[in-house]
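J.: Give me the fold of what follows.
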Amino acid sequence: MQTRITTEDRLVLAGMSFYGDPFSTHGAWSGENEIGRVWTRFMTYLEGHREELEDILQPGVFYEVHTYSDETVSRGLFEVFVGARLTSLEGTPTAMVMKALPASDYAVFTLEGEEIASDWFSKVEAWIAEAGYQRAQDFTFQYYDERFKGVDQMEGSTLDVYIPIKPAG
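T.: So this is what the prediction gives:
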């Protein structure tokens with residue numbers, strides 16, 4: 001797992017979301033769990049509205065944002081938002097929701113192949129603490145571009161995970 005620190009400006013995304021336990025019916029990396037379903041709903045919408053979205057969405061790059069709350073620890077519930085970066089706020093369809101992620105320093109973890117479906121989360125948490133950082137916000141996001149080939153092609157895929165950080169203490 002490659003790791004780097006970067007600073008990102010505010011990100012404004014448009015997409016669709018789900019709140020609850022996304023794994024209540026199917027495990028991770030399944031198109032049948034709630035994360036897979038929200039991706040299917042979003043990509044179907046994009047396909048059907050390509051012309052009206054081409055001027056406002058960054059093409060070929062997608063985000064999956066996980067937002068955590070007190071219910072995440074106690075009940076396993078969190079928000080999953082999938083979307084694309086807006087290049088303009090003009091003409092955002094009402095069927096899509098917007099999410100603004102604040103400017104932040106991020107620890108970026110690049111996962112490859114089988115590492116993507118592994119228990120990378122615990123390794124990431126350990127790295128953050130060992131490197132002298134702590135989480136700065138209650139969310140993480142995954143960055144999908146042409147390097148990610150799909151859940152059925154993990155072996156040849158690459159994925160970046162961004163976690164907002166600040167110095168510990």
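
J.: Pairing-wise in the sheet, spell out the partners of residue 140.
T.: According to DSSP bridges, residue 66 are recorded as the beta-bridge partners of residue 140.

J.: Which pLDDT does the model give it?
T.: We have a pLDDT of 94 for residue 140.

J.: Show me where the protein dips below the pLDDT cut-off.
T.: Counting by pLDDT under 70, the chain has low-confidence residues at 22-32.

J.: now the helices for it?
T.: Listed in chain order, the helices of the chain (DSSP state H) span 34-48, 50-53, 70-75, 120-130.

J.: Tell me which other helices or strands the last one touches.
T.: With contacts defined as 3 or more CB pairs under 8 Å, 6 or more residues apart in numbering; DSSP states H and E, the packing partners of helix 120-130 are strand 104-112, strand 158-167. C-betas here are computed from N, CA, C, even on glycine.

J.: Would you format those as a markdown table with distance to residue 33 included?
T.: Conversion of these to a markdown table gives the following (distance: least, CB to CB, whole Å):
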| stretch | distance to residue 33 |
| --- | --- |
| strand 104-112 | 19 |
| strand 158-167 | 17 |
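
J.: So for residue 145, which of these sits nearest?
T.: Shortest distance between residue 145 and the helices and strands packed on helix 120-130, using CB to CB, is found for strand 158-167: 8.2 Å.
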